[in-house]
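Asks: I would like to see how this sequence folds:
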Amino acid sequence: MTARAIIIGAPRSGSGKTSVTIGLLRALARRGLRARGAKSGPDYIDPGFHTAATGLPGVNLDSWAMAPGLLGALAGEAAKDTDIVVIESAMGLFDGIPAGAGRSGAAADLARLYGLPVLLVLDVSGQSQTAAAVAKGFACYDRDVRIAGVVLNRLGSERHRKLAGEAIHALGLPVVGGILRDPTLSLPERHLGLVQAGEHADLQKHLDRLADMVEASLDIDAILALATPLEPPLADFKNALPPPGQRIALACDAAFTFLYPHHALTWRAVGAEIVPFSPLADEAPPPDCDVCWLPGGYPELHAAQLSAASSFRAGVKEFAATKPVHGECGGFMALGESLTDADGASHAMLGLLGHSTSFAKRKMNLGYRQATLRTDGPLGRAGSVVRGHEFHYAQMTEAGSDEPFADLADGLGNPLPASGGRRGNVSGTFFHAIAKG
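Replies: Numbers count the residues shown, from 1 in each chain. So this is what the prediction gives:
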């Protein structure tokens, strides 16, 4: 029997979706339900919190980056042996790019594709009855996206709850909960979003506090009644990225953390083995692996330690002499000549590519990317297209003289400067690969 599912949406980022989603997932798990979290769009941090809250792996469901078959296959996998899937929207419910019907990247695409209901989280601080106008706008905006219920967030008092709640009830929309303002429930943030789940010393305690809040403030039985079966009409894995090797040496620690969950799922499904190693513990990639993958993360916060990791640096260089090494975003930064940290101190990196990067000179780079590969490598064959996402604040201070890794375009196909670098067996780029185009 397939799981039921519901989407947690909001008018904008910062409305409280993540706290509601994590708290609900934890509360459902405490009831003994097999609950699983999913994140619309390319955010790679929130699935870690979903996993921590439930004990079941989270997943990204990105309607722009993933072809409908792959999107459906991953949604179907999430629904297997699961009671309920809670899908957290990125940004606002309808926020995406104008890239064609059903391929905008917005959570609303998932609501239309799979007929899923939306639980709308409204930050009602600074308003009362006006919240009903916002709710009505969402209910009427797209007839194929059904707003099934509303959660009032950041209420100031019981009177505030009554004024806003009654106005929304009058529209025929059920209000299934109201949450009083409590700044202590907020999760800490930094330059790429939330501080990651694995870095919280008291994470389980905080998850339980969020679940306590949900149990006290939301009608969980009513939310469960709103959920509907998740039954994707299309499902295949042909657009998944193939594993870059049979045995994949994966850098995995506080400096290198951002591997999309669906990559690990699909690589293992076809028999590949992921072998983690820790650069921060001065570990080298195991020499019996076929490829070394340096994922994104926060090397800028650990630059001095990485620079001093002599076994890691020597081991990657020895590996790269005969086998592929690929880095994306933070991994790409580590492959360069140097990395300048936030304090302006420069630290030697692996030197396998010629660029240098700086976190002292920050500029946000954000958006979907379409990459046409210039040569065969860990992401696929020359000429193939890979869809992905770029999100970083570091800048290149020296471009180096390496050949570009890929020709790049934005999510709408508008050309961008060529991306990344390649030299011998080494390649890297700032964008995170999500799926084949």
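
Asks: mind giving me the packing neighbours of the strand or helix carrying residue 315?
Replies: Assessed by DSSP states H and E, residue 315 sits inside helix 310-320. Counting contacts by 3 or more CB pairs under 8 Å, 6 or more residues apart in numbering; DSSP states H and E, helix 310-320 is packed against strand 291-294. The C-beta positions use only the backbone N, C-alpha and C, and glycine is treated the same way.

Asks: next SSE after the strand it packs on?
Replies: In the C-terminal direction, the helix or strand that comes right after strand 291-294 (DSSP H and E) is strand 296-297.

Asks: note down every partner strand of that following strand and its orientation.
Replies: The sheet places strand 296-297 alongside strand 256-258 (antiparallel), with pairing taken from DSSP bridges.

Asks: ok, and what's touching the strand it pairs with?
Replies: Outside strand 256-258, the residues within contact range by CB atoms under 8 Å, 6 or more residues apart in numbering are 44-45, 196, 198, 279, 294-299, 329-331, 334, 432.

Asks: which other helices and strands contact the following helix or strand past that strand?
Replies: Downstream of strand 256-258, the next assigned helix or strand under DSSP H and E is helix 261-269. Using 3+ CB pairs under 8 Å, 6+ apart as the contact criterion, the secondary-structure elements in contact with helix 261-269 are strand 59-61, helix 68-79, strand 273-277.

Asks: average pLDDT for the first one, rounded please.
Replies: In this model, strand 59-61 has an average pLDDT of 97.

Asks: distance check, the spatially most distant residue from the centre of the chain against residue 74.
Replies: In the chain, counting by CA atoms, centre = their mean, residue 159 sits farthest out from the average C-alpha position, at 37.3 Å. When distance is defined by CB to CB, to the nearest Å, residue 159 is 44 Å away from residue 74.

Asks: circling back to that earlier point, tell me the SS of the residue farthest from the centre of the chain?
Replies: Taking DSSP: H, G, I helix; E, B strand; the rest coil as the rule, one finds residue 159 in the helix state.

Asks: and it, how far is that from residue 178?
Replies: In terms of CB to CB, residue 159 sits 11 Å off from residue 178.

Asks: now swap in residue 246 and tell me
Replies: For residue 246, the distance to residue 178 - CB to CB - is 53 Å.

Asks: between the two, which has more neighbouring residues?
Replies: The residue with more neighbours, out of residue 246 and residue 178 and counting by other CB atoms under 10 Å, is residue 178; that gives 21 against 13.

Asks: who touches the more buried one in this structure?
Replies: Residues in contact with residue 178 (CB under 8 Å, 6+ apart) are 151, 152, 153, 155, 161, 164, 165, 217.

Asks: pretty sure it is in a strand, no?
Replies: Yes - secondary structure of residue 178, determined by three-state DSSP: located in a strand.

Asks: can you name the residues bridging to it?
Replies: Note on residue 178: beta-bridge partners residue 152, judged by DSSP bridges.

Asks: can I see the domain layout of this structure?
Replies: Following automatic domain parsing, one gets these domains for the chain: 4-229, 247-436.

Asks: measure the shortest one end to end?
Replies: For domain 247-436, the separation between the terminal residues is 21 Å (CA to CA, to the nearest Å).

Asks: how far away is the residue farthest from the centre of the chain from residue 165?
Replies: Distance, residue 159 to residue 165, using CB to CB: 11 Å.

Asks: ditto for residue 251
Replies: From residue 251 to residue 165 the distance is 49 Å (CB to CB).

Asks: equivalent analysis for residue 256, please.
Replies: 46 Å.

Asks: of those two, who's got more company?
Replies: The residue with the greater number of neighbours, taking residue 256 and residue 165 and applying other CB under 10 Å, is residue 256; the counts read 29 against 21.

Asks: in space, what's closest to that one - neighbours in sequence excluded?
Replies: residue 297 (4.2 Å; CB to CB, 6 or more residues apart in numbering).

Asks: ok, now which ones touch the one you found?
Replies: Under the criterion of CB under 8 Å, 6+ apart, the neighbours of residue 297 are 254, 255, 256, 257, 258, 329, 330, 331.

Asks: out of the residues you listed, who's nearest residue 62?
Replies: Checking the contacts of residue 297 against residue 62 by CB to CB gives residue 258 as the nearest, at 14.4 Å.

Asks: what's the burial count for that closest one?
Replies: Using other CB under 10 Å, residue 258 has 19 other residues around it.
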